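**Q** I would like to see how this sequence folds:
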Amino acid sequence: MKRPRWLFGWTVLALISLACSISGTSEMLTPIPDFLATDAASTVEAYLTQSVPTETATPFPSMTPSPTVLLPSLPPPTATTPCDQARFISDVTVPDGTIFAPNASFTKTWRLQNTGSCTWSGYSVVFHSGEAMNAPASVALGTVSPGSMVDISVNLVAPGAAGSYRGYWRIRTASGTFVPIVNAADGYSFFVDIRVQTAATATSSPTSTWSFVPVLTILKFDLHAKAPEAQWISGGGSGSGTNLTFGGPDSDPNGFAMYRNGFLLEDGSRPEKVLQMHPKWVDNGVISGRYPSYTVQNGDRFVTKVGFLANPDGTCGAGNVIFQLNYREAGTLHALGQWTDTCNGSLVSVDVNLNSLAGRTVQFILAVLANGSSAQDWAVWVHPRVVNP
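**A** Model (predicted):
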C-alpha cells in the first residue's frame, strides 16, 4: 500500500531533526592550552582555528657541535635502558661566572640523576680537563640506585691570577669507563666555571678605599635543566593543541623542543646551555612549555638571551618570532615579558625583575610564536634561568 507523500516528507524531517539533536548533545569542546598571554586580538584561539598551509618539517642541516669539543660516539638507542647513564640536573652551588678573590677556597656542588638501569657502586667523580683549581684527582661516590639523584661536591681553590677559568669533570665507573650524560654538550662532562677578580682588575671609587667582596649570583630555578620536566604543547593551523615529548625529533611537523648545547648561533657564539623551541610548522604556529611550580623570592630575576641558530654557512636565516615569558597562577595565565626578534646576527639580552611575584608560587611558561612563516624559526633561549640577586 502506498503511503501518502506528506507522511514520507514528515518522516525525513523528523530523522534530520533527530540527527541534529544527537550531534548537538554529543559534541565536546577541546580545552585550549595556554600558549600565550597577550592583550592583543591575536589570542591562541585564533592560532588554533585558522586554516593555513602546512610547511615541510625539514631538520636543520647544520646541527653540529663546536669542533673544539670532543664528541664521543654513543651507542644507538635500544628498547632497554642502558646500564650506565646520567642526566645533569642543576648547579647547586657556584653558578657559572661566579666571581671569587684570588686563592679563595670554595665548594662546587652539582646535582645529577642516575638514569641508567644499574646501581652506581664503586663509582667516582674525576677531573678530566681544563683548570683543576687545586682539586683532588677523584672523589668517591656513594651508592646511587637507578632513578635517584645525587649531589656531588668538590672542594676547590680559585687560581691566583685574574681571569675566567673552567674545569671539566666526569663520572667514572668501577671498571674505569665514563658514564654518558644525556644532556651534556660533549656527551660525558659537567663543569665548574668561575671568574677571578683582583683589586687591580676591579673598578674602585676614587673617594674610597677598594676592598674585594665576592659577588655571588645564586641560581634559583634553571629552566634549561628542567626543560625535560616541562609540559610542551604546540598549536596553530586548523587543529587543536598537540602534546610534545621533549627532545624532538626536529622533523616533527608539530614542532619540537630540545637541547642544542654547543651549537653555532647567529652571533657566532656556541653557548654551553641552549634550549631550542620550534613552533608548529604552519604559518603563525606556536609552541609553549609550562614548567613545574616555583616559589618566587624577593630579588629574583629571570635572565637569558634569545635569538636563532645560524645557517650552515654561519649566516642568518629568515627567522622571525615572538618570544614570551608568561606565568600561570591559580589557573590564570599572566604575561611577564615579550620580545620580537628576527635573525640579524645578534642575540637579545633579557633581564626581568620578578619582585612583583615575591612569595607567590607560579608556573613559568616559555612560548615562541612564529611571525608568519615558521620555516626557519630556529628560535633559542640561552640558559634561561632565575637567579638571585
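
**Q** phi first, then psi, for Thr315.
**A** Note on Thr315: its backbone torsions stand at phi -90, psi 170 [degrees, to the nearest 10].

**Q** what's the answer for Ala227, then?
**A** Note on Ala227: backbone dihedrals following degrees, to the nearest 10 are phi -60, psi -40.

**Q** let me know the pLDDT of it.
**A** Each residue has a pLDDT score; the one for Ala227 is 95.

**Q** thought it was touching Phe246?
**A** Yes - counting by CB atoms under 8 Å, Ala227 sits close enough to Phe246 to count as a contact (5.8 Å). The way it works is simple: take the backbone N, C-alpha and C, and place the C-beta from them, glycine included.

**Q** pull up the overlap in contacts between these two.
**A** Shared contacts of Ala227 and Phe246 (CB atoms under 8 Å, 6 or more residues apart in numbering): Ala257, Gly289.

**Q** so those two - more neighbours on which side?
**A** Looking at Ala227 and Phe246 with other CB atoms under 10 Å, you find the greater number of neighbours at Ala227, namely 23 against 16.

**Q** ok, now how distant is the more buried one from Arg260?
**A** 11 Å (CB to CB, to the nearest Å).

**Q** again, but for His383
**A** 12 Å.

**Q** mutual contacts of the two, please.
**A** In terms of CB under 8 Å, 6+ apart, His383 and Arg260 are both contacted by the residues Val274.

**Q** of those two, who's got more company?
**A** A count of neighbours by other CB under 10 Å puts Arg260 above the other of His383 and Arg260, at 23 against 20.

**Q** surely that one is in contact with Met277?
**A** No - distance between Arg260 and Met277: 10.1 Å, which falls outside the contact criterion (CB under 8 Å).

**Q** intersection of neighbour lists for the two?
**A** Counting by CB under 8 Å, 6+ apart, the shared contacts of Arg260 and Met277 are Val380.

**Q** spit out the contact partners of Gln363.
**A** Gln363 makes contact with Arg290, Tyr291, Pro292, Ser293, Tyr294, Tyr327, Arg328, Glu329, according to CB under 8 Å, 6+ apart.

**Q** how deep is the closest residue to the fifth one other than its chain neighbours tucked in, by neighbour count?
**A** For Tyr294, ignoring the flanking residues on the chain, the nearest one in space by CB to CB, 6 or more residues apart in numbering is Phe221 at 4.8 Å. Phe221: 22 surrounding residues under other CB under 10 Å.

**Q** name the element Phe221 belongs to?
**A** Using DSSP states H and E, Phe221 maps to strand 218-222.

**Q** same for that strand, what does it pack against?
**A** With contacts taken as 3 or more CB pairs under 8 Å, 6 or more residues apart in numbering; DSSP states H and E, strand 218-222 sits against strand 86-91, strand 379-388.

**Q** go again with 10 Å.
**A** Packed against strand 218-222 by the contact rule (3 or more CB pairs under 10 Å, 6 or more residues apart in numbering; DSSP states H and E) you find strand 86-91, strand 294-295, strand 301-308, strand 379-388.

**Q** now do the buried residues in it.
**A** For strand 218-222, the neighbour count (16 or more other CB atoms under 10 Å) marks Ile218, Leu219, Lys220, Phe221, Asp222 as buried.

**Q** by how many degrees do it and strand 86-91 diverge?
**A** 130 degrees (axes from the mean of the first three to the mean of the last three CA atoms, to 10 degrees).

**Q** quick one: Thr245 from Gln231, how far?
**A** 11 Å.

**Q** the more surrounded of those two?
**A** Neighbours around Thr245 and Gln231, counted as other CB under 10 Å, are more numerous at Gln231. The numbers are 15 against 12.

**Q** which residues touch the more buried one?
**A** Pro33, Asn243, Leu244, Phe246, Ser288, Gly289, Arg290, Tyr291, Pro292, Gln363, Ile365 (CB atoms under 10 Å, 6 or more residues apart in numbering).

**Q** most surrounded residue in those residues?
**A** Taking other CB under 10 Å as the neighbour criterion, Ser288 ranks highest of the contacts of Gln231 with 29 neighbours.

**Q** who does that residue form a beta bridge with?
**A** Counting by DSSP bridges, Ser288 forms beta bridges with Ile233, Ala367.

**Q** correct me, but it touches Ser234?
**A** Yes - judged on CB atoms under 10 Å, Ser288 makes contact with Ser234 at a distance of 7.8 Å.
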